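1. here are the coordinates; sequence isn't available:
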């Protein structure tokens, strides 16, 4: 089994992209008619929803479907989930994800996979994730 370089929660992935966005300081600009100048309110650090696409090999097609069902259990979990991206554990920076939605773009059988988590397996799962990054001290 290769080293896990990508994961959402407890689910290892072979590929996950594009890169996750940073958490940004949200600002609100306030201007009033007839009043010179403006005010900038700092609203705090928060993320914006974004999408990532994942790929992972599985033992077979049934295993791919079961893995996808597991992904759906992450939706709107009470506590946000950790992210491992290119070997970087984002939770070390208090960066976690809320899974807003996940949908399968491919669940099926491919030729025998070489170099994946299931050497010689034939299942394949691709998913599109809608995620919200949050700062979380868990």
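-> Here it is on my side, so go on. Computed from a predicted structure; not experimentally measured. Residues are numbered from 1 along each chain as shown.

2. Every contact and neighbour count from this point should use C-alpha atoms.
-> Noted.

3. Now do the end-to-end distance for stretch 54-62.
-> 18 Å (C-alpha to C-alpha, to the nearest Å).

4. Show me the shaky parts of the chain.
-> 1-2, 112-114, 138 (pLDDT under 70).

5. Report the buried residues of the longest strand belonging to the chain.
-> What stands out as the longest strand in the chain, according to DSSP state E, is strand 95-109. For strand 95-109, a neighbour-count test (16 or more other C-alpha atoms under 10 Å) marks 95, 96, 97, 98, 99, 100, 101, 102, 104, 107, 108, 109 as buried.

6. Contacts made by it with the rest, please.
-> Identification of contacts with strand 95-109 by C-alpha atoms under 8 Å, 6 or more residues apart in numbering yields 23, 60-61, 64-65, 68, 71-72, 74-77, 79-83, 90, 122-136.

7. Check the buried residues of strand 95-109 and tell me the two furthest apart.
-> Greatest spacing in the buried residues of strand 95-109, by C-alpha to C-alpha: 95 and 109 (34.2 Å).
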